[in-house]
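> Show me the folded form of this:
(chains A and B)
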There are 2 protein chains.
Amino acid sequence: MTALSSGVLGSLDPTSDRAVFRQIADQLREAIGRGKFAEGAKLPSESDLVEHYGVSRMTVRNSISLLQGEGLVSSEHGKGVFVRPRPPVRRLASDRFARRHRDQGKSAFTVEAEAAGSRPEVDNLVVKEERPTADISARLGAPRKVLARRRRYLLDGRPVEFAVSYLPLDLARDTPIAQPNPGSGGIYARLEELGHHLDHFDEEIRARMPSPQEVKTLRLSAGVPVIQLIRTAFDTKGRAVEVCDTVMAADAYVLNYHLPAT
Amino acid sequence: MTALSSGVLGSLDPTSDRAVFRQIADQLREAIGRGKFAEGAKLPSESDLVEHYGVSRMTVRNSISLLQGEGLVSSEHGKGVFVRPRPPVRRLASDRFARRHRDQGKSAFTVEAEAAGSRPEVDNLVVKEERPTADISARLGAPRKVLARRRRYLLDGRPVEFAVSYLPLDLARDTPIAQPNPGSGGIYARLEELGHHLDHFDEEIRARMPSPQEVKTLRLSAGVPVIQLIRTAFDTKGRAVEVCDTVMAADAYVLNYHLPAT
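Numbers count the residues shown, from 1 in each chain, chains lettered A, B, ... in the order given. Take a look at the predicted model:
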């Protein structure tokens, strides 16, 4: 009861037109924002909040649900409600595809993970030939079939992103790109060895709520959206040689970009 | 009952370990995804779904809540549940800050809105001097005070983003930048006239669930996250001359970026 008795949480405003459960959520949110309840800390119990505010148990539950939906707290069955720790964030630098990183034989993911002092891991790798969807087909210049490389990325054991790379099959078939391990520097290094010198990448960013499958794959908490990033790699002849469709846990990423002013 | 009788929705799998309300949501989600229920279309009524699946009203309600939380449907009181129309999307081009746009006397917002064939609008403009937060202060080289320009952007009458520009006060005071209307080309044009030639912009992108205030300001539906974009403008001397903190309705935006490969 320290938090309540030390005045961290105030009283309700009976004249407000804001619903009582929202007022309680507002106070808890503000206290979390000001660090009065630290990351990982337990919120006052349901009973304590019922007593403090003089409201029903259902009202308190509605307040907590609201905060859960915002991704601020998580409820552990039988243990209580806890302030969600902010996970380590992966910063995507705007130069992550610069040739100097590839020349060192490192993938963009490895470069970024090392910069953040995290342990990178890739699992669930599946490589197969398939027919492209209409969207992927349009982005790649309408190939009849594509090579799809699906994989999940983890940082320090936590899944942070799921990615699928699509390459025109005529370009990737019977090359190291079709192997589970494409070798040092990843598929971009292999593309250049095959004569497809990379010129630039276009990235498209969206954010949305995850599908149930994405919640499972990325082990997302309630109230955590995903960032969907669709990147197309172009060679110096202007051909789209790869499309990578990535779904990222939004609470694990900050994306950085550099825009010229001229 | 067309959708149900024509076999769009299947039956439940009694041997599945997936909860019944999730199975129903899965079927509705898939039907929406395949266009069996078009944008704006009404879903079968609660009673129809109760009858079709042979489940309780509460189970059907839980399925609908799940889809609402994902932003796929919205419930209109007394009318039914509808497939949310995908709103017109604002595409942010990677060259939106190129000088040629500023030279035409247009702001980035105007340029983008015109490209999308939409009617741009700005409201709730407030310009004032204030003390910067620790974060803004660090980004701007620790000015004692800043000029803050707050405003909301609308497309075709719909709020799509709320932005606050911060400039070191010593740079902006008693200039057109401190005026509600800074004139043709916006504050970037004025900064250049004041001798701060713009060199580049750094952008940081995050996605998260909105605060209650943001839901209100941007009139967000349930299950719609926000994209937070923090942009810093640097002049050719390397000085950070402006920070713009923008919160965007995620269902109204696609952000495009161009990354060099070299």
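> can we go C-alpha only for contacts and neighbour counts from here?
Will do.
> Could you give the bridge partners of the residue nearest to residue A:233 when sequence neighbours are not counted?
Among residues not flanking residue A:233 along the chain, residue A:201 sits closest, at 4.6 Å (C-alpha to C-alpha, 6 or more residues apart in numbering or on different chains). Beta-bridge partners recorded for residue A:201 (DSSP bridges): residue A:233, residue B:259.
> Just confirm residue A:201 contacts residue A:236, I think it does.
No. The criterion here is C-alpha atoms under 8 Å, and residue A:201 misses it with residue A:236 at 11.0 Å.
> I'd like to know how many residues surround the residue nearest to residue A:233.
19 (other C-alpha atoms under 10 Å in any protein chain shown).
> State the pLDDT value of it.
Predicted confidence (pLDDT) for residue A:201: 92.
> same deal with residue A:106?
68.
> ditto for the one 5 residues further on
According to the per-residue confidence, residue A:111 scores 75 in pLDDT.
> what helix or strand does it sit in?
helix A:108-115 (DSSP states H and E).
> Next secondary structure after that helix?
strand A:120-130.
> Can you pull out the residues in contact with whatever helix or strand comes next after that next one?
Next along the chain after strand A:120-130, taking DSSP H and E as the criterion, comes helix A:134-139. Residues from elsewhere that reach helix A:134-139 (C-alpha atoms under 8 Å, 6 or more residues apart in numbering or on different chains): A:143, A:166, A:232, A:240, A:243.
> how close does residue A:187 get to chain B?
14 Å (C-alpha to the nearest C-alpha, to the nearest Å).
> ah, wrong one, I meant residue A:141
Counting by C-alpha to the nearest C-alpha, the gap from residue A:141 to chain B is 19 Å.
> now that residue: how far from residue A:149?
Remark: distance between residue A:141 and residue A:149 (C-alpha to C-alpha, to the nearest Å) = 18 Å.
> Tell me, please, the helix or strand in chain A that averages the lowest pLDDT.
Here the helix or strand of chain A ranked lowest by mean pLDDT, DSSP states H and E is helix A:2-5, holding a mean of 61.
> Help me confirm that residue A:230 is found in a strand?
Yes. Under DSSP: H, G, I helix; E, B strand; the rest coil, residue A:230 falls within a strand.
> Excluding sequence neighbours, find me the nearest residue to it.
In space, residue A:230 is closest to residue A:245, 4.5 Å off (C-alpha to C-alpha, 6+ apart).
> dump the residue contacts of that neighbour.
Residue A:245 neighbours (C-alpha under 8 Å, 6+ apart): A:163, A:164, A:165, A:228, A:229, A:230, A:231.
> which residues in chain A form helices?
A:2-5, A:20-33, A:46-53, A:57-69, A:99-103, A:108-115, A:134-139, A:169-172, A:186-193, A:212-217 (DSSP state H).
> Make a markdown table out of the ones you listed and add distance to residue B:32.
Output for the helices of chain A, formatted as a markdown table (distance: least, C-alpha to C-alpha, whole Å):
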| stretch | distance to residue B:32 |
| --- | --- |
| helix A:2-5 | 46 |
| helix A:20-33 | 32 |
| helix A:46-53 | 38 |
| helix A:57-69 | 23 |
| helix A:99-103 | 42 |
| helix A:108-115 | 34 |
| helix A:134-139 | 18 |
| helix A:169-172 | 31 |
| helix A:186-193 | 35 |
| helix A:212-217 | 15 |
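> got JSON lines for those, with distance to residue B:260 and mean neighbour count too?
Below are the helices of chain A laid out as JSON lines (distance: least, C-alpha to C-alpha, whole Å; neighbours: other C-alpha atoms under 10 Å in any protein chain shown):
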{"stretch": "helix A:2-5", "distance to residue B:260": "51", "mean neighbour count": "11"}
{"stretch": "helix A:20-33", "distance to residue B:260": "38", "mean neighbour count": "19"}
{"stretch": "helix A:46-53", "distance to residue B:260": "53", "mean neighbour count": "16"}
{"stretch": "helix A:57-69", "distance to residue B:260": "38", "mean neighbour count": "19"}
{"stretch": "helix A:99-103", "distance to residue B:260": "9", "mean neighbour count": "16"}
{"stretch": "helix A:108-115", "distance to residue B:260": "14", "mean neighbour count": "17"}
{"stretch": "helix A:134-139", "distance to residue B:260": "19", "mean neighbour count": "14"}
{"stretch": "helix A:169-172", "distance to residue B:260": "22", "mean neighbour count": "18"}
{"stretch": "helix A:186-193", "distance to residue B:260": "13", "mean neighbour count": "18"}
{"stretch": "helix A:212-217", "distance to residue B:260": "30", "mean neighbour count": "14"}
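> among those helices, which is nearest residue B:205?
helix A:108-115 (16.0 Å; C-alpha to C-alpha).
> Specify the angle between the closest one and strand A:120-130 in degrees.
170 degrees (axes from the mean of the first three to the mean of the last three C-alpha atoms, to 10 degrees).
> starting at the chain centroid, how far to helix A:108-115?
15 Å (C-alpha atoms, centre = their mean, to the nearest Å).
> Tell me which other helices or strands it touches.
If you count contacts as 3 or more C-alpha pairs under 8 Å, 6 or more residues apart in numbering or on different chains; DSSP states H and E, helix A:108-115 packs onto strand A:90-92, helix A:99-103, strand A:120-130.
> which one of the ones you listed lies closest to chain B?
Across the helices and strands packed on helix A:108-115, chain B has its closest neighbour in helix A:99-103 (5.0 Å, C-alpha to the nearest C-alpha).
> Kindly provide the whole-number mean pLDDT of that closest one.
Helix A:99-103 comes out at a mean pLDDT of 68.
> for stretch A:169-179, same thing?
Mean predicted lDDT for stretch A:169-179 stands at 95.
> Between the two ends of it, how far is it?
End residues of stretch A:169-179 are separated by 13 Å (C-alpha to C-alpha).
> Next: stretch A:179-194.
Stretch A:179-194: ends 15 Å apart by C-alpha to C-alpha.
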